[in-house]
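Asker: turn this into a structure:
(chains A and B)
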Number of protein chains: 2
Amino acid sequence: MNSPEKIWTAGLVIIGDEILSGRTHDKNIAQVASWLQVQGIRLAEVRVVADDEDRIVAAFNALRADNDYVFTTGGIGPTHDDITVDAIAKALGVEVIVHPEARAILEKYYADKGGVNEGRLRMARVPQGAELIRNRMSGAPGIRLGNIFLMAGVPHITAGMLDSLTGELEGGAPLIAETVGGFIPESEVAVMLRKVEQAHEQCQIGSYPFFKEGKVGSNFVVRSTDQAALDACMADLCKGLENEGFGYTVGGI
Amino acid sequence: MNSPEKIWTAGLVIIGDEILSGRTHDKNIAQVASWLQVQGIRLAEVRVVADDEDRIVAAFNALRADNDYVFTTGGIGPTHDDITVDAIAKALGVEVIVHPEARAILEKYYADKGGVNEGRLRMARVPQGAELIRNRMSGAPGIRLGNIFLMAGVPHITAGMLDSLTGELEGGAPLIAETVGGFIPESEVAVMLRKVEQAHEQCQIGSYPFFKEGKVGSNFVVRSTDQAALDACMADLCKGLENEGFGYTVGGI
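Answerer: Next up is the predicted model:
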């Protein structure tokens, strides 16, 4: 199923006033990004938007047009500010229905917790044609429509939904990465980094400065889909650091 | 200077392959969002894009068209993957120049660290017409062009640049928020929450579930620019929780 020549990409829409107000620190970008890497899919863009139908629709449509997959997190809970299902149904031009299986899951989950009420039943609403994404953490499932995935915003529930999807999506060759780091100011090796990257077309080098133990340092990350190309680039990079008189640690600091 | 009737908004472009690969956990969204709140400016949208000129330009232009202010973080360092200045200059249709004051700052900062080299001089490059944003943490300054702000990606340096800008930007009435929380499943009070929000036009209520000490709970955040409206909404919300038989803690859990 894998097509090494095609690069599969995904867009992610993070839905939530709580992220834009600074109240909640987002954890889903890194979590979704890392998971996608393993599936051989690159996260191409993230948009964080408010709990506002027009803004959700605009972000979703833009990312859908540009990518193989679109994921959303947030706004699929039981309260009035959970409007993701309605927004995506509107964007797709389909009705919102109560999914019979989702309703059954919620009825079972809430059987000894007061039963299904109006708010809880909201979590069984899906855009017509949707399948469910299993959620072992709490009753409410996520929602899949082909290459579109609507997931929870609470990070450990998102994680459970991603876990249910592992291996289910077609992707390309996973991007592999290796790191070399040291107490090296990136500004002293910038010219060398550029030359090494230019000499290795199949690789990209990222430079990430840090401050540790009162000293300046950098980690250099080489990324490629080809292990041999990656190895050759890493070898040249390490040699370049030696030539400039720096010690380094493979694996990074 | 404040115009309470106008809502000032900002867009934020986070630039960096390291965020989209999941390697680095973003801290700038929350940091910029919280800082903007205090300035009376709302963060309306965030886009996370790769170190790619076309993608930076597209995100920047879109957010600039829709908002009073645009901030970027990342990509203003000394290495080949730092392309923010070139991308924004291209978007604005202006040249990139070496800013004399930025050059002087870097020459002083690096005087006892090997001097200014080609990589370090990159950090003095700005779109023509730019002013500098002071950075007490490291030599390289941020860049301001009117309502456009290019800041560092390393969070504590970003923080220093935000600090330099505190009080400098025109904003509206700050959005104020109060929280009430408890071991309350949000699905049991969803109908009440919606009713209380509908009864208080100047307020929004956000509902944020959590799991703590093995129990389900929620924090409910009331937001408004009007303190009296906020107080009235909070009072009704607390009464609503009491009527449903729930205990609660003002300030949240």
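Asker: low-confidence stretches in the stretch 1-150 of chain A?
Answerer: A:1-4 (pLDDT under 70).
Asker: so where do the helices sit in it?
Answerer: For the stretch 1-150 of chain A, applying DSSP state H, counting those that start in this stretch gives helices covering A:17-20, A:28-39, A:53-66, A:84-92, A:100-109, A:118-122.
Asker: the shortest one vs chain B: in contact?
Answerer: Yes: using CB under 8 Å from any CB of the partner chain, helix A:17-20 reaches chain B at A:17-20. No exception for glycine: its C-beta is placed from N, CA and C like everyone else's.
Asker: that older thread, format the helices of the stretch 1-150 of chain A as a markdown table; extra columns: mean neighbour count.
Answerer: A markdown table is the format used below for these (neighbours: other CB atoms under 10 Å in any protein chain shown):
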| stretch | mean neighbour count |
| --- | --- |
| helix A:17-20 | 24 |
| helix A:28-39 | 21 |
| helix A:53-66 | 18 |
| helix A:84-92 | 22 |
| helix A:100-109 | 16 |
| helix A:118-122 | 20 |
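Asker: could I get those as CSV with distance to B:Glu197?
Answerer: As requested, these are exported to CSV (distance: least, CB to CB, whole Å):
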stretch, distance to B:Glu197
helix A:17-20, 13
helix A:28-39, 25
helix A:53-66, 16
helix A:84-92, 16
helix A:100-109, 24
helix A:118-122, 13
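Asker: quick one on the thing from earlier: what's the closest of the residues of helix A:17-20 next to chain B to chain B?
Answerer: A:Leu20 (4.6 Å; CB to the nearest CB).
Asker: that closest one contacts B:Ile41, correct?
Answerer: No: A:Leu20 lies out of contact with B:Ile41 (CB atoms under 8 Å); the separation is 11.4 Å.
Asker: wait, which of the residues of helix A:17-20 next to chain B is closest to A:Glu178?
Answerer: A:Ile19 (31.9 Å; CB to CB).
Asker: ok, that closest one touching B:Val32?
Answerer: No: contact between A:Ile19 and B:Val32 fails when scored by CB under 8 Å: they sit 11.3 Å apart.
Asker: which parts of chain A belong to which domain?
Answerer: A:9-165, A:176-250 (the TED database).
Asker: out of the ones you listed, deepest packed?
Answerer: domain A:9-165 (a mean of 20; mean count of other CB atoms under 10 Å in any protein chain shown).
Asker: quick one: terminal-to-terminal distance for it?
Answerer: End-to-end distance for domain A:9-165: 16 Å, by CA to CA, to the nearest Å.
Asker: what do you get for stretch A:118-138?
Answerer: First-to-last residue span, stretch A:118-138, CA to CA: 18 Å.
Asker: and that stretch, how far out from the chain middle?
Answerer: 21 Å (CA atoms, centre = their mean, to the nearest Å).
Asker: kindly report the same for stretch A:63-73.
Answerer: Worked out by CA atoms, centre = their mean, stretch A:63-73 lies 11 Å from the chain centre.
Asker: got the CA coordinates for it in CSV?
Answerer: In CSV, the C-alpha atoms belonging to stretch A:63-73 read as follows (Å, rounded to 0.1, in the frame of the first residue of the first chain):
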residue,chain,number,x,y,z
LEU,A,63,-6.7,22.6,5.0
ARG,A,64,-8.9,20.0,3.3
ALA,A,65,-8.1,21.5,-0.1
ASP,A,66,-4.3,21.3,0.5
ASN,A,67,-3.9,17.9,2.2
ASP,A,68,-4.6,14.2,2.1
TYR,A,69,-6.0,14.1,5.6
VAL,A,70,-7.6,16.6,7.9
PHE,A,71,-7.8,16.2,11.7
THR,A,72,-9.7,18.3,14.2
THR,A,73,-9.4,18.4,17.9
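Asker: and for it, what's in contact with it?
Answerer: A:8-16, A:28, A:32, A:41, A:44-45, A:47, A:56, A:60, A:84, A:88, A:91, A:147-153, A:158, A:169 (CB atoms under 8 Å, 6 or more residues apart in numbering or on different chains).
Asker: thought A:Val154 was touching B:Pro209?
Answerer: Yes: the pair A:Val154 / B:Pro209 is scored as a contact, 6.2 Å apart, by CB under 8 Å.
Asker: in JSON lines, list the domains of chain A along with distance to B:Ala177.
Answerer: Shown next, in JSON lines, are the domains of chain A (distance: least, CB to CB, whole Å):
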{"stretch": "domain A:9-165", "distance to B:Ala177": "7"}
{"stretch": "domain A:176-250", "distance to B:Ala177": "33"}
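Asker: out of these, nearest to B:Val250?
Answerer: domain A:9-165 (16.2 Å).
Asker: any idea what A:Gly11 is bridged to?
Answerer: A:Glu45, A:Val70 (DSSP bridges).
Asker: is it true that it touches A:Ile41?
Answerer: No: if you go by CB under 8 Å, A:Gly11 and A:Ile41 don't touch, sitting 10.6 Å apart.
Asker: mind listing the helices for the stretch 151-253 of chain A?
Answerer: With DSSP H, counting those that start in this stretch as the criterion, the stretch 151-253 of chain A has helices spanning A:155-165, A:190-199, A:227-243.
Asker: pull the CA atoms of the second one into CSV?
Answerer: The reference is to helix A:190-199. Below are the C-alpha coordinates for helix A:190-199, written out as CSV (Å, rounded to 0.1, in the frame of the first residue of the first chain):
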residue,chain,number,x,y,z
ALA,A,190,25.8,28.5,10.1
VAL,A,191,27.8,28.6,6.9
MET,A,192,28.9,25.0,7.3
LEU,A,193,25.4,23.8,8.0
ARG,A,194,24.1,25.4,4.9
LYS,A,195,26.9,23.8,2.8
VAL,A,196,26.3,20.4,4.2
GLU,A,197,22.5,20.6,3.5
GLN,A,198,23.1,21.8,0.0
ALA,A,199,25.4,18.8,-0.6
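Asker: quick one: list the elements packing against it.
Answerer: strand A:204-212, helix A:227-243, helix B:118-122 (3 or more CB pairs under 8 Å, 6 or more residues apart in numbering or on different chains; DSSP states H and E).
Asker: starting at the chain centroid, how far to that helix?
Answerer: Distance of helix A:190-199 from its chain centroid, counting by CA atoms, centre = their mean, is 29 Å.
Asker: and A:Gln37, how far from chain B?
Answerer: Distance check for A:Gln37 against chain B: by CB to the nearest CB, to the nearest Å, it reads 6 Å.
Asker: same deal with A:Thr249?
Answerer: Distance from A:Thr249 to chain B, by CB to the nearest CB: 17 Å.
Asker: isn't that residue right up against A:Phe183?
Answerer: No: shown here, A:Thr249 and A:Phe183 do not form a contact pair, counting by CB under 8 Å, at 9.6 Å.
Asker: isn't A:Val46 right next to A:Ala10, touching?
Answerer: No: assessed by CB under 8 Å, A:Val46 is found out of contact with A:Ala10, at 9.7 Å.
Asker: who's in contact with the spatially most central residue of chain A?
Answerer: For chain A, the residue sitting closest to the mean C-alpha position, by CA atoms, centre = their mean, is A:Val32 at 2.6 Å. Residues counted as contacts of A:Val32 (CB under 8 Å, 6+ apart) are A:10, A:12, A:43, A:71, A:73, A:158, A:162, B:22.
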